[in-house]
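**Q** the following block contains a protein sequence and its predicted model.
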Amino acid sequence: MTAAAAGSVRVERVVTSGTFSLDGETFDVDNNVWLIGDDTEVLVVDAAHDAPAILSAVAGRRVVAVVCTHGHDDHIGAAVALAEATGAPVLLHPAEQELWRTVHPDRKPDAELADGMRLSVADAEVRVLHTPGHTWGSCSLYVPSLGAVFTGDTLFHGGPGATGRSYSDAPTIVASIRDRLLTLPDDTVVHTGHGAHTTVAAERPHVPTA
């Protein structure tokens, strides 16, 4: 687990391993699970693969919510187990319901994410940005006080996330990144769903202009 501090509120990363399955193919993947919070409470972003590992990182703190950036199985696999262990609600954009049901057919998310929604954890405000393209309901989470945005699989170190599979569209993801993410301050740290972090300024040259 790694952590970056900013006042009393900080970002912590847990890397979990498992598989991603879609369109009849399965791949081994490592996922970034993000905890935003302080010594008392945290918000979990993308409960991937391994609920016990995430619970270990939570370390007894109150979980305000389990927020899913999108509904691919590698990002939501541990969401229900984590919610049941902590009593926290699961939040997901309604356009992800079909993907969610393939993994959790007997349990719905507790609340819907929506563009412009504000969440609170510790002393931080978390702003929900609807950034479709990787999937139709993909969302990013912007935390102004931390100078950070959590992009799931929408924007990576090296450019836009994958499209070309079910529920995705390349022009849509480019528009989302240009209109919703590249408009953030250049020094905003981009915490991704997989791999290394980056910044808005670093990714600007890697995003097509149209």
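**A** Looks like it arrived, so ask away. Bear in mind that the values here come from a model prediction, so they are computed numbers and not experimental data. Numbering: from 1, shown residues only.
**Q** from Ala79, how far out is Leu146?
**A** Distance, Leu146 to Ala79, using C-beta to C-beta, to the nearest Å: 23 Å. For the C-beta atoms, the positions are set from N, CA and C on the backbone; glycine is no exception.
**Q** ugh, typo on my part, it should be His197
**A** As judged by C-beta to C-beta, His197 and Ala79 stand 22 Å apart.
**Q** cool, and Gly87?
**A** For Gly87 relative to Ala79 (C-beta to C-beta), the value is 13 Å.
**Q** and the helices in the chain?
**A** 51-58, 73-76, 79-86, 97-103, 170-176, 200-203 (DSSP state H).
**Q** returning to that earlier point: pick out whichever of Leu146 and Ala79 has more residues nearby.
**A** Neighbours per residue, other C-beta atoms under 10 Å: of Leu146 and Ala79, the larger number sits with Ala79, 28 against 22.
**Q** correct me if wrong: the more buried one contacts Val66.
**A** Yes: using C-beta atoms under 8 Å, Ala79 is in contact with Val66, at 5.2 Å.
**Q** shared neighbours of those two, which are they?
**A** 47, 90 (C-beta atoms under 8 Å, 6 or more residues apart in numbering).
**Q** which ones are touching Leu99?
**A** 70-73, 76, 135, 167.
**Q** switch to 10 Å and redo it
**A** By C-beta atoms under 10 Å, 6 or more residues apart in numbering, the contact set of Leu99 is 22, 68, 70-73, 75-76, 92, 135-137, 166-167.
**Q** again, but for Glu96
**A** Applying C-beta under 10 Å, 6+ apart, the residues contacting Glu96 are 68-72, 75-76, 109, 112-113, 135-139, 167.
**Q** nearest to Thr16 among those?
**A** Using C-beta to C-beta, His75 comes nearest to Thr16 of the contacts of Glu96, at 10.4 Å.
**Q** distance of the closest one from His134?
**A** His75 sits at a distance of 10 Å from His134 (criterion: C-beta to C-beta).
**Q** got the phi/psi numbers for Gly137?
**A** Here is the backbone geometry of Gly137 (degrees, to the nearest 10): phi -110, psi 20.
**Q** surely it is in contact with Gly71?
**A** Yes: Gly137 lies in contact with Gly71 (C-beta atoms under 10 Å); the separation is 6.7 Å.
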